[in-house]
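A.B. asks: Okay, sequence plus prediction incoming.
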Amino acid sequence: MTSIRFALNHMAAPSLAIDEFFALAKSLGIDSVEIRNDLSGNAILDGTRPEAIRQAAARHGLTIISINALQRFNEWNATRAGEAQELIDYASACGAKALVLVPKNDGTGRAHGERQANLRQSLTALKPMLDKAGIIGLVEPLGFEICSLRAKSEAAEAIKELGAQSTFKLVHDTFHHHLAGEAATFPELSGLVHISGVSDPAVSVADMRDSHRVLVDGDDRLDNAGQIKALLQAGYEGPFSFEPFAAEVHAVKDPAGALRASMDYLTARVWDRSKAS
């Protein structure tokens, strides 16, 4: 079993400017980062040029594994096509390897038959766009009950049916995997794992939201350690990227210390379990 390759999503410290965020990753011994297009007052939304991000990543010796994300990717129309091309161009110019694809999460497009057709339509349209730029599409099912793509199995089936395994990979998000209640993992199709924990003992699984997602610690209810261990044992060799959304994490005065504590906890838990099995 290989060691855990940690990565850092900008959501782990969204108040840091891009150069400070890259420096944070480097200080933790992390060499892979995800940038976002939904942080107001920060790159990418503040107009930061992709070349500036490319240069900053090179300066810190980092690989940009993804831009997170093209929203509502499975609702294909002219607007979505324009957004996709813009993000693919930005990814290409800044050196990002992939673009995260997030499905509609508003209760629409959930009907059986409809959601599968919408998914295939979008993947078919995105494939030549991504292939031309040499960018991977990372499909991220969301476990929320209102989501139009909850199951990784449906995404995997569509990707295989289209023969598009070289273009698209799955995101295994430990939070969404737990919420979806889907036992199956797809290590051979997974290109990225998002990790975050839920420690609040009072919230029900059905009521868990992004605001509950903290750094993984001993109170974690999602069994991140078990999920990580299972993926590693099944042959997954990609990055495990911290993506906590909780305000209390973003308010931490020492993000490096908090992240290091979570990294140490997970490493110890996964390897302890590994020795026991």
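C.D. replies: Yes, it's here.
A.B. asks: Pull out the buried residues from stretch 228-245.
C.D. replies: Buried residues in stretch 228-245, counting neighbours by 16 or more other CB atoms under 10 Å, are found at 228-229, 231-232, 236, 238-245. Any C-beta I mention is one placed from the backbone N, CA and C, and that applies to glycine too.
A.B. asks: The residues you listed in helices, which ones?
C.D. replies: 228-229, 231-232 (DSSP state H).
A.B. asks: If we only consider those, which is nearest to Thr267?
C.D. replies: Ile228 (9.5 Å; CB to CB).
A.B. asks: one step back: CSV for the buried residues of stretch 228-245, including distance to Phe168?
C.D. replies: Output for the buried residues of stretch 228-245, formatted as CSV (distance: CB to CB, whole Å):
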residue, distance to Phe168
Ile228, 23
Lys229, 26
Leu231, 18
Leu232, 22
Tyr236, 16
Gly238, 14
Pro239, 17
Phe240, 20
Ser241, 18
Phe242, 23
Glu243, 20
Pro244, 26
Phe245, 25
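A.B. asks: The residues you listed into a markdown table, with extra columns for pLDDT?
C.D. replies: Listed next are the buried residues of stretch 228-245 as a markdown table, based on pLDDT from 0 to 100:
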| residue | pLDDT |
| --- | --- |
| Ile228 | 97 |
| Lys229 | 96 |
| Leu231 | 97 |
| Leu232 | 96 |
| Tyr236 | 96 |
| Gly238 | 97 |
| Pro239 | 98 |
| Phe240 | 98 |
| Ser241 | 98 |
| Phe242 | 98 |
| Glu243 | 98 |
| Pro244 | 98 |
| Phe245 | 98 |
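A.B. asks: where does the stretch 51-200 of the chain dip in pLDDT?
C.D. replies: Within the stretch 51-200 of the chain, no stretch has pLDDT under 70.
A.B. asks: Which stretches in it count as helices?
C.D. replies: Applying DSSP state H, counting those that start in this stretch to the stretch 51-200 of the chain gives helices spanning 78-94, 114-133, 152-161, 174-180.
A.B. asks: most tightly surrounded among these?
C.D. replies: helix 174-180 (a mean of 23; mean count of other CB atoms under 10 Å).
A.B. asks: Identify the residues contacting Ala91.
C.D. replies: By CB atoms under 8 Å, 6 or more residues apart in numbering, the residues touching Ala91 are 50, 66-67, 97-99, 133, 135.
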